[in-house]
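Visitor: sequence first, predicted model second:
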Amino acid sequence: MTMTDSWQPIESAPKDGTDFLAWMFGNSMMVIHYNPVGSKSDEHPWLTADGQTGYHKNAPTHWRVLPEPPTVDGEIAIKPDEKDGK
């Protein structure tokens with residue numbers, strides 16, 4: 001599998017638990033990963049990035065690599081309260 005920054009057919013999506021951006025049939029996007037064990041449906045073995053079932057009436061049709069996170073002063077941008085572990 002080649003990691004590329006363009007839309008690819010869902011059949012070529014990573015199957016190792018890597019999160020990716022999915023294009024859902026019906027004109028929407030979400031971050032999901034492949035997990036046939038945690039899914040509620042054999043036909044739709046996708047979980048959202050927060051571990052919820054990724055099965056929707058509009059199944060994913062394409063995927064792409066997630067972009068790099070934004071940075072501020074060379075560090076990944078996070079909320080101020082998360083920097084202190086609060």
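Guide: Ah, there it is.

Visitor: switch to C-alpha atoms for all contacts and neighbour counts from now on
Guide: Fine.

Visitor: what values do phi and psi take at Ser12?
Guide: phi -100, psi 10 (degrees, to the nearest 10).

Visitor: what's the longest strand in the chain?
Guide: strand 28-34 (DSSP state E).

Visitor: what's that strand packed up against?
Guide: strand 20-24, strand 46-48 (3 or more C-alpha pairs under 8 Å, 6 or more residues apart in numbering; DSSP states H and E).

Visitor: and with 10 Å instead?
Guide: strand 20-24, strand 46-48, strand 60-64 (3 or more C-alpha pairs under 10 Å, 6 or more residues apart in numbering; DSSP states H and E).

Visitor: buried residues, it. List them.
Guide: Neighbour counts over strand 28-34 (16 or more other C-alpha atoms under 10 Å) mark Met30, Val31, Ile32, His33, Tyr34 as buried.

Visitor: again with stretch 68-79
Guide: Under 16+ other C-alpha under 10 Å, stretch 68-79 has no buried positions.

Visitor: that stretch: how far from the chain's middle?
Guide: Distance of stretch 68-79 from its chain centroid, counting by C-alpha atoms, centre = their mean, to the nearest Å, is 19 Å.

Visitor: what average pLDDT does it get?
Guide: Computed over stretch 68-79, the mean pLDDT rounds to 83.

Visitor: what does stretch 24-33 give?
Guide: The average of the pLDDT scores along stretch 24-33 is 87.
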